[in-house]
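Enquirer: Any chance you could fold what I've pasted below:
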Amino acid sequence: MSSLHDVIVLGGGPAALCLAAALAEQALQVALLAPHDLRAPWPNTYGIWVDEVDALGLAHLLEHRWSHTVSYFGAGAADPADPANAATAHGRDYGLFDREGLQQHWLTACERGGVALLQGQAERLALDLAGGGSVLHTADGSVLHARLVVDATGHGSALLHRPDRGPVAGQAAYGVVGQFTAPPVESGQFVLMDYRADHLSAAERAESPTFLYAMDLGGGRFFVEETSLALAPPVPFAVLKQRLERRLAHRGVAITAVEHEEFCLFPMNLPLPDLDQPLLGFGGAAAMVHPASGYMVGSLLRRAPAVAAAVAAAMADPAAPSAALARAGWQALWPEPERFRRAFYLFGLGKLMGFEEARLRHHFAAFFRLPAQEWFGFLTNTLTTPQLLGAMLRLFALAPNDVRAGLLWPARRP
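Expert: Purely as a prediction, here's the structure:
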């Protein structure tokens, strides 16, 4: 484990494998280092709007695909006269990745590109002052040398430096794949957001709004997940589990068999890392989670090739030190327009975190009245800066007065 690599990528999840495969396609000598077996199955589910994978020719990696995609932004059965209680149809297909298929897709690409799969815990990174490269020390005493190290270990990265901007808001979710006494959603349906909260007290709805994310998996199996968009501190899993059970019970549904429990927690407003450091980040470690939606896989797929190409171009100079190589990668990953749009998304997230349940429902009801290309582009971060600003001006015009007031004035709570 002392040979020199062009790039060592740390991590074993989607971000690490995606970038390692892209770097290998640039004919670079790449190693993947993770503390676990890189072929071990991934535990979490990954959803995506199908248009994103269709554009990349990767729809074959989906395990499920739904055309019946809806959300609910009404108050629930307690207010049946509210027209918003009807389903909001999205008119776009949504998909769930075949986790094994997605993982194998990238592992095959890594194998084809000669990527070395290493197991070990990265502990410390140093610069080779004489050669200009990076020296990586692992927990078992091994020393690895590379021209560049990329940290794709997730938002809990121990090596990347980032500024402290105060409390970090987390999106938290508790979910179950299993069987039920009655269908929790309609046959063949995917529910992006069900904010109906008539099963909760007024105090619960006001302080920590949550929504149901759910889908029919076929064969009498369903995935249901209670989700908090973002709060600091995040909503505890125990609360989310209790709310999910209460939501189901309120609709006369009980869980009869649990195949899989999912516990999901990740930061929505993690500060960008220091873009001048000689260590490059990617994925959650590089704050690539979409601050408005929580999605990331589509962004990984779109942005990895550009980052890999920039790193490869910088490596054409054999004397380029790690700092220069990392700088090229950071500039490709976070150019100024991308940073501006992220700041705009963070501004919006901060507003939504201050909304009580009713105002949050009103906001999303207005948001999905935008032209489909605008709300889709917002959620996937595929709008240009002018398009994004235009969409938000249109949203302000469509929104009811309570939402406009919430956007203009300081939040009811921080």
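
Enquirer: Which parts of the stretch 251-400 of the chain are helices?
Expert: Assigned by DSSP state H, counting those that start in this stretch, the helices in the stretch 251-400 of the chain fall at 297-315, 322-333, 336-353, 357-367, 372-380, 385-398.

Enquirer: Could you save those as CSV and add columns showing mean pLDDT?
Expert: Output for those, formatted as CSV (pLDDT from 0 to 100):
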stretch, mean pLDDT
helix 297-315, 97
helix 322-333, 98
helix 336-353, 94
helix 357-367, 93
helix 372-380, 96
helix 385-398, 96
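
Enquirer: Of all the ones you listed, which one is nearest Tyr94?
Expert: Across those, the minimum distance to Tyr94, taken as C-beta to C-beta, is reached by helix 372-380, at 10.9 Å. Bear in mind the C-beta positions are built from the backbone N, C-alpha and C, glycine included.

Enquirer: Now do the closest one: which elements does it pack against?
Expert: Using 3 or more C-beta pairs under 8 Å, 6 or more residues apart in numbering; DSSP states H and E, the elements in contact with helix 372-380 are strand 47-49, helix 385-398.

Enquirer: Send me stretch 249-268 as CSV with only the CA atoms.
Expert: The C-alpha coordinates for stretch 249-268 follow below in CSV (Å, rounded to 0.1, in the frame of the first residue of the first chain):
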residue,chain,number,x,y,z
ALA,A,249,-53.5,4.5,12.3
HIS,A,250,-55.5,7.7,11.6
ARG,A,251,-56.1,6.2,8.1
GLY,A,252,-57.0,2.8,9.4
VAL,A,253,-53.6,1.2,8.4
ALA,A,254,-51.2,-0.9,10.5
ILE,A,255,-47.8,-2.4,9.7
THR,A,256,-48.0,-6.2,9.6
ALA,A,257,-44.5,-7.1,8.4
VAL,A,258,-41.2,-5.0,8.4
GLU,A,259,-38.7,-6.0,5.8
HIS,A,260,-36.4,-3.0,6.3
GLU,A,261,-36.2,0.1,8.5
GLU,A,262,-34.5,3.2,7.2
PHE,A,263,-33.0,5.9,9.4
CYS,A,264,-31.9,8.9,7.3
LEU,A,265,-30.2,12.0,8.6
PHE,A,266,-28.1,14.4,6.6
PRO,A,267,-27.3,18.2,6.8
MET,A,268,-29.1,20.5,4.4
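
Enquirer: State the pLDDT value of the nearest residue to Gly154 once chain neighbours are set aside.
Expert: Of all residues not flanking Gly154 in the chain, Gly284 sits nearest, at 4.4 Å (C-beta to C-beta, 6 or more residues apart in numbering). What the model reports as pLDDT for Gly284 is 96.

Enquirer: Contacts for the one helix or strand in the chain whose mean pLDDT sits lowest, please.
Expert: Lowest on mean pLDDT, DSSP states H and E among the helices and strands of the chain sits helix 202-207, with a mean of 79. Helix 202-207 is contacted by residues Ala197, Arg243, Glu356, Glu357, Ala358 when judged by C-beta atoms under 8 Å, 6 or more residues apart in numbering.

Enquirer: again, only this time at 6 Å
Expert: Contacts with helix 202-207, where a contact means C-beta atoms under 6 Å, 6 or more residues apart in numbering, come from Ala197, Glu356, Glu357.

Enquirer: now swap in stretch 218-229 and tell me
Expert: Residues from elsewhere that reach stretch 218-229 (C-beta under 6 Å, 6+ apart): 172-177, 179, 184, 210-211, 213-217, 235, 240, 243-244.

Enquirer: ok now that stretch, how far from the chain's centre?
Expert: Its chain's C-alpha centre and that of stretch 218-229 lie 18 Å apart, by C-alpha atoms, centre = their mean, to the nearest Å.

Enquirer: which parts of it are buried?
Expert: Judged by neighbour count (16 or more other C-beta atoms under 10 Å), stretch 218-229 contains these buried residues: Phe222, Phe223, Val224, Glu225, Glu226, Thr227, Ser228, Leu229.

Enquirer: would you list the helices and strands packed on helix 372-380 in TSV and tack on mean neighbour count?
Expert: Shown next, in TSV, are the helices and strands packed on helix 372-380 (neighbours: other C-beta atoms under 10 Å):
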stretch	mean neighbour count
strand 47-49	21
helix 385-398	15
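
Enquirer: can you tell which of those is closest to Ala87?
Expert: Minimum separation from Ala87 across these (C-beta to C-beta) falls at strand 47-49, 17.8 Å.

Enquirer: Pull the number of nearby residues for Pro335.
Expert: 11 (other C-beta atoms under 10 Å).

Enquirer: And it, how close does it get to Ser208?
Expert: 36 Å (C-beta to C-beta, to the nearest Å).

Enquirer: can you check Phe355 too?
Expert: 11 Å.

Enquirer: okay, these two: which has more neighbours?
Expert: Between Phe355 and Ser208, counting by other C-beta under 10 Å, Phe355 is the more crowded of the two (23 against 19).

Enquirer: Skipping adjacent residues, who's closest to the more buried one in space?
Expert: Excluding its sequence neighbours, the residue lying closest to Phe355 (C-beta to C-beta, 6+ apart) is Gly406, at 5.6 Å.

Enquirer: Do you have the helices of the stretch 1-150 of the chain handy? List them.
Expert: 14-25, 50-56, 99-112.

Enquirer: picking up where we left off before, could I get the helices of the stretch 251-400 of the chain as CSV with distance to Asp98?
Expert: Shown next, in CSV, are the helices of the stretch 251-400 of the chain (distance: least, C-beta to C-beta, whole Å):
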stretch, distance to Asp98
helix 297-315, 13
helix 322-333, 27
helix 336-353, 29
helix 357-367, 29
helix 372-380, 20
helix 385-398, 32
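
Enquirer: of these, which approaches Leu58 most closely?
Expert: Among these, the nearest to Leu58 by C-beta to C-beta is helix 297-315 (7.1 Å).

Enquirer: chain center to the closest one, what's the gap?
Expert: Relative to its chain's centre, helix 297-315 lies at 18 Å (C-alpha atoms, centre = their mean).

Enquirer: The one helix or strand Glu245 maps to packs against which elements?
Expert: Using DSSP states H and E, Glu245 falls within helix 237-250. Packing partners of helix 237-250 (3 or more C-beta pairs under 6 Å, 6 or more residues apart in numbering; DSSP states H and E): strand 170-180, strand 221-231.
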